[in-house]
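# the following comprises the amino acid sequence and a computationally predicted model.
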There are 2 protein chains.
Amino acid sequence: MKQTFEKKELKKKSENLADWYTDVVLKAQLADYSPVPGAMVIRPYGYAIWEKVQGIMDGYMKAAGLENAYFPLFIPHSLLEKEKAHVEGFSPELAIVTIGGGEKLKDPLVVRPTSETIMYEMYKKWIHSWRDLPVLINQWNNVIRWEKRTYLFLRTMEFLWHEAHTAHETEKEAVAMCLTAQEWYRKIYEEYYAIPAYLGTKSKSEKFAGAKDTYTVELLMPDGKVLQGATSHNLAQNFSVPFEIAFQNREGGRDFVWQTSYAITTRSIGALVLVHGDDNGLVVPPMIAPTQVVVMPILKKDADSELLFAYCGEIKEALDNAGIRSKLDKREEPSVGRRFNEWEVKGIPMRFEIGGKEFADHTVTIARRDTGEKITVDRKDLLPTVEKLLKTIQKSLYDKAVAHLKANTTDASTFDEFEGVMKTTRGFIRAFWCEEASCEAAIKEKTKANTRCLEQGAEAGKGICVHCGKPATHRWLFGQSY
Amino acid sequence: MKQTFEKKELKKKSENLADWYTDVVLKAQLADYSPVPGAMVIRPYGYAIWEKVQGIMDGYMKAAGLENAYFPLFIPHSLLEKEKAHVEGFSPELAIVTIGGGEKLKDPLVVRPTSETIMYEMYKKWIHSWRDLPVLINQWNNVIRWEKRTYLFLRTMEFLWHEAHTAHETEKEAVAMCLTAQEWYRKIYEEYYAIPAYLGTKSKSEKFAGAKDTYTVELLMPDGKVLQGATSHNLAQNFSVPFEIAFQNREGGRDFVWQTSYAITTRSIGALVLVHGDDNGLVVPPMIAPTQVVVMPILKKDADSELLFAYCGEIKEALDNAGIRSKLDKREEPSVGRRFNEWEVKGIPMRFEIGGKEFADHTVTIARRDTGEKITVDRKDLLPTVEKLLKTIQKSLYDKAVAHLKANTTDASTFDEFEGVMKTTRGFIRAFWCEEASCEAAIKEKTKANTRCLEQGAEAGKGICVHCGKPATHRWLFGQSY
């Protein structure tokens, strides 16, 4: 879409993160508000980032033997009720269809908030023997969890995700699947989004409604709040028992399957904006960027455009052949300055400026979005330089985020310290905790921080709970969530 | 999913098409019934075919400059009402959310039956100048049109589709877009699904609710009924006026945009099953087949499996490298016979049988799904033979369907003839028609046939309406729809 770019001063990231965030999401044309409160429109640029995530995750899953399928949007309420914790967890945020085809429905239908129940009703029908296992099915779809206010990408009534649902012969296999999924999510965040993550397991009160354990990937945002990046759930036999998903095992006996579910959502795009953006707009890491380079011929008035355009076209073709994702911006309007601004707000990693001088010298001037740095390179050195720069930019954004994460992860041994951090920089706090839900609730009440996870590989120790002073065996990560 | 195949006799296609159809869809594991009447589950094998269609169509659209985006599932009813014909067309089949987050909604929300209205409300906001045009946006999503009964793929409450919505400066551009889309659909059906199509425009009463003209791709099914394959709509300014999607034109004046929308759905998979399937199950044309070849090592009892598996593995790898989509079936159970049967029901174009003899002779025995024919080829000739066979099978299926279409397209000059055909073979009937809606309705009432389309390039003539005898200028295609 060749939409006119509205040149208006962007809000400053340092002044008000939330205002800046919304401003950037709108001006970069990632998303927009819709006529339905709580629901947003994902515009082509935002959707192109989602398509990258889809491609990466779909690749991981298919290589591991998962297959895509599609289950109905509407779920009978009675199905949802089959797993007690599950229905309790989701009831407050359901959208319910009560009229269909002009008639009042006898059995109202829930618009899926997640698909465990409708899928497992089918699994019951499909699974009979250990030979039918594992079942490895994924869906790419939309889900609804009621919201009245929209916080673009980060909190919306409807979001897009994938939801994988697997069924196994043993719990060991199910746990292995959860850890594999967690590792896929880590890679998506760290290697593509350039956002470092803490990996761990959720506390009892923070885990998924219906899960035995929830594995999580936790991210730090620039204001010191933390975001749950993606989760995988060991559902154990919590659903297979009420849904009667039983199978004949290898010994001829009857067993219930061991299940997992896991998901990453369009919310991840919100993290991307928050972590890397700056006062000039979005900064998109090259690995996830739908467009990595914008090639801009810069024409002096009355100059001959034909040769310059041919030179730029040749460069664009060279980028295409090298698999570098680029756009050629030959527009006459708006002005060069406004178009620079437009691509900056969109966070395209590199801009090529190609004017009369570059054409004459057979060079290209490259401007980096992340640092603003400009270099002029010989045409013949262009491709290796660009390939190297893409890696450099990716690493530099990641390193910066790692430094921020390290600087904002604090070990707290007293509740004074804990409260002090939460009143100032926030971030992640590592502290001994007694693992009691009431204590966890009290900490949240006092500091807004809840448990984020018990880190993978966290060593057991002898400590006392940072809040209540009772014995504690592990340091947990705390933080204030988005 | 390694599901046990249930070996049961398939119903016969020749005896009862509808029963056979449902049986094949279920046994080939393309889809299944769900707990919600009217809604179905698309199983991995069915979804894999849909992913092929998505890949093809997404490729056509992206090459033409379309971008994907995502708009909300829920539409305020007031928006739907903005275009009169549109709301009238869709009102009888709406699903309506009246409860959200535990509260009764003041403004009930419609679950999208199609997205014109919610998208165009945004287009109004985004389009200001001719420089913003064309807008070329597509969505891959799910839509709901109320149904109580499920006819797998062919008639379901929920289906998957893409919906492209474009806005242009002139009607000429919009019409060109419609014709381009129609041509994409023709290619999908003819070149991939191997189903020949009639292309044309719909009559006033058969066009899309809100369109000025609807372009269609019409298909013949084995029982002589016809199926609308996909449609593109010239919306002209029917939506842009009520939605106030105005722009400053090149002359500085104010104009309303010219719009199109077009879609192909998961219903197309139903056509695939009906047209090519036989008494042994599905027959999938190679171009659209998720799996083109199944490689089956055939082990004699107590024979050494290792060398045979190595030979089969090497063949599978050669197929992978040649870009031929294959599966290696090394299962020990069920029996070879049942596994043959399983892949036959799934309509895999070719089966490789590789036993001790093939291994010793360095050959492969190939069984064609469409003809049942078997040939044994030297290992060194395998790839060229398979590549040729894939084309031969594709062409053979298409040619057979073309012959059926030709044999079942009848020119009728009297209503007696017309009625005679509809009472026997049905199929497409070409006949002069006066183009009056009341006459069209009377024909349908008497024969169950409605107008399918005015064929692209149909010559004008001087005729009399096959039904009412009034003057008519064109022969239209009639048929009984699914």
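Happy to help now that I have it.

# so A:Glu244 sits right up against A:Lys124, yeah?
Yes: between A:Glu244 and A:Lys124 a contact is recorded at 5.5 Å, counting by C-beta atoms under 8 Å. Where C-beta positions appear, they are placed from N, C-alpha and C, glycine not excepted.

# these two: which is more packed in?
A:Lys124 (16 against 12; other C-beta atoms under 10 Å in any protein chain shown).

# quick check: residues of the stretch 151-300 of chain A near chain B?
A:Met157, A:Glu158, A:Leu160 (C-beta under 8 Å from any C-beta of the partner chain).

# please name the bridge partners of the last one.
Translated: A:Leu160. A:Asn142 (DSSP bridges).

# who's in contact with it?
Shown in contact with A:Leu160 (C-beta atoms under 8 Å, 6 or more residues apart in numbering or on different chains): A:Ile42, A:Trp50, A:Trp140, A:Asn141, A:Asn142, A:Thr265, A:Thr266, B:Tyr70.

# can you tell me which of these is nearest B:Gly281?
A:Trp140 (27.9 Å; C-beta to C-beta).

# name all residues that make contact with the closest one.
Contacts of A:Trp140 (C-beta under 8 Å, 6+ apart): A:Gln54, A:Asp58, A:Asn68, A:Leu160, A:Trp161, A:His162.

# can you lay out the residues you listed as TSV showing pLDDT?
Formatted as TSV, the contacts of A:Trp140 follow (pLDDT from 0 to 100):
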residue	pLDDT
A:Gln54	98
A:Asp58	98
A:Asn68	98
A:Leu160	98
A:Trp161	98
A:His162	98
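
# which parts of the stretch 151-300 of chain A are helices?
A:171-187, A:267-276 (DSSP state H, counting those that start in this stretch).

# which residues touch the shortest one?
Read that as helix A:267-276. So helix A:267-276 is contacted by A:17, A:21, A:24-25, A:28, A:30, A:46, A:49-50, A:53, A:151-154, A:159, A:188-189, A:193-195, A:219, A:221-222, A:227, A:229-230, A:282-285, A:288, A:347, A:370, A:397, A:401 (C-beta under 8 Å, 6+ apart).

# ditto for stretch A:351-363
A:293-300, A:303, A:307-308, A:311-312, A:315, A:340, A:343-344, A:364-367, A:369, A:374, A:376-380.

# and A:Gln29, which helix or strand is it part of?
If you go by DSSP states H and E, A:Gln29 is not part of any helix or strand.

# isn't it right up against A:Tyr45?
Yes: A:Gln29 is within contact range of A:Tyr45, at 5.0 Å (criterion: C-beta under 8 Å).

# and for those two, which residues touch both?
With C-beta under 8 Å, 6+ apart, A:Gln29 and A:Tyr45 have common neighbours A:Lys346.

# tell me the residue of the stretch 301-450 of chain A that sits nearest chain B?
A:Glu333 (6.6 Å; C-beta to the nearest C-beta).

# specify the local secondary structure of that residue.
Put simply, A:Glu333 is coil when judged by DSSP: H, G, I helix; E, B strand; the rest coil.

# residues of stretch A:158-173 that come out buried?
A:158-169, A:173 (16 or more other C-beta atoms under 10 Å in any protein chain shown).

# right, I mislabeled it, should have said stretch A:371-388
Buried, per 16+ other C-beta under 10 Å, within stretch A:371-388: A:Val377, A:Arg379, A:Leu382, A:Leu383, A:Val386.

# so A:His404 sits against A:Met221, correct?
No: between A:His404 and A:Met221 there is no contact under C-beta under 8 Å: 9.5 Å.

# which of the two has more neighbours?
Of the pair A:His404 and A:Met221, A:Met221 is the one with more neighbours under other C-beta under 10 Å, namely 25 against 18.

# mind checking how far the more buried one is from A:Leu274?
Counting by C-beta to C-beta, to the nearest Å, the gap from A:Met221 to A:Leu274 is 5 Å.

# joint contacts of the two?
A:Leu17, A:Leu227.

# ok, longest helix in chain A?
If each helix of chain A is counted by residues according to DSSP state H, the longest one is helix A:382-407.

# gap between that helix and the chain center?
19 Å (C-alpha atoms, centre = their mean, to the nearest Å).

# what packs against it?
strand A:213-220, helix A:267-276, helix A:305-321, strand A:350-354, strand A:363-368 (3 or more C-beta pairs under 8 Å, 6 or more residues apart in numbering or on different chains; DSSP states H and E).

# dump these to TSV, plus distance to A:Val421.
Below are the helices and strands packed on helix A:382-407 laid out as TSV (distance: least, C-beta to C-beta, whole Å):
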stretch	distance to A:Val421
strand A:213-220	13
helix A:267-276	20
helix A:305-321	46
strand A:350-354	38
strand A:363-368	34
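
# point out the most buried one among those.
strand A:213-220 (a mean of 26; mean count of other C-beta atoms under 10 Å in any protein chain shown).

# from the chain's centre, how far out does that one sit?
12 Å.

# what strands line up against it, and which way round?
Those paired with strand A:213-220 in the sheet (DSSP bridges) are strand A:198-201 (antiparallel), strand A:226-236 (antiparallel).

# export the first one to CSV, keeping only CA atoms.
Extracted as CSV, the C-alpha positions of strand A:198-201 are listed here (Å, rounded to 0.1, in the frame of the first residue of the first chain):
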residue,chain,number,x,y,z
TYR,A,198,14.9,-16.0,31.1
LEU,A,199,13.6,-19.5,30.8
GLY,A,200,11.9,-21.3,33.6
THR,A,201,8.7,-22.7,35.1
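
# contacts made by it with the rest, please.
Under C-beta under 8 Å, 6+ apart, the answer for strand A:198-201 is A:182, A:186, A:207, A:213-219, A:428, A:452-456, A:458, A:477.

# ok, stretch A:72-84 next?
So stretch A:72-84 is contacted by A:86-87, A:90, A:96-97, A:107-112, A:115-118, A:121, A:141-142, A:210, A:238-239, A:242-243, B:34-36, B:39-41, B:73, B:95, B:111, B:142, B:144, B:157-158 (C-beta under 8 Å, 6+ apart).

# ok, now with 7 Å
Residues outside stretch A:72-84 that contact it (C-beta atoms under 7 Å, 6 or more residues apart in numbering or on different chains) are A:86-87, A:90, A:97, A:107-112, A:117-118, A:121, A:210, A:238-239, A:242-243, B:34-36, B:39, B:41, B:142, B:144, B:158.

# list only buried entries from those residues.
A:86-87, A:90, A:97, A:108-112, A:117-118, A:121, A:210, A:238-239, A:242-243, B:34-36, B:39, B:41, B:142, B:144, B:158.

# which of the contacts of stretch A:72-84 fall within strands?
Among the contacts of stretch A:72-84, the residues falling in strands (DSSP state E) are A:Val97, A:Asp107, A:Pro108, A:Leu109, A:Val110, A:Val111, B:Val41, B:Asn142, B:Ile144, B:Glu158.
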